[in-house]
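Peer 1: With the sequence up front, the predicted model follows.
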Amino acid sequence: MQHHEFLARVRELGEYDSQDEAAKVTEAVLSVLAQRISPGEVDDLASQLPGPLGQALAEAKQAQAESFGIEEFYRRVAERTGARPRTAEWDASAVLTTLAGAVSGGELNQIISQLPSGYAVLFGKADLAS
């Protein structure tokens, strides 16, 4: 998937007014995801994303993954976008559902395996949420 296609899909799913808004939300969600998954997984994911998105993800990588729940994920996204946590849930879902369609199934499973079950629904994988 090309960079513009990724952002167009996020824009469509998130019902954003512009490609710039979709890009801002995408970068926020990916940077929080990079804090939550292992550095090696960040590298693997970054290699499957279009250039600027992979680069943003790699720049947000930390030395060690942090352990935080879904509510903290929303709070961190909201902090980056200036939105409310409920809006951040919508934002995260738009980006991560797009991400799920842009990477290999094996990579998606690796990411989801590092997250508590409540995260799976954000990737459009509610069947994995139990």
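Peer 2: Right, received. Where do you want to start?

Peer 1: Let me see the ranges of the helices in the chain.
Peer 2: Using DSSP state H, the helices found in the chain span residues 3-14, 19-36, 39-48, 51-60, 70-81, 85-102, 105-113.

Peer 1: closest one to Val121 among these?
Peer 2: When those are compared by Cβ to Cβ, helix 85-102 sits nearest Val121, at 7.7 Å. In short, each C-beta sits where N, CA and C put it, glycine included.

Peer 1: Tell me which residues are up against the closest one.
Peer 2: Contacts to helix 85-102, defined as Cβ atoms under 8 Å, 6 or more residues apart in numbering, come from residues 1, 6, 9-10, 13-14, 16, 22, 25-26, 28-30, 32-33, 48-50, 71, 73-75, 77-78, 81, 83, 108, 121-125.

Peer 1: pLDDT below threshold where in this structure?
Peer 2: Within the chain, the segments meeting pLDDT under 70 span 126-130.
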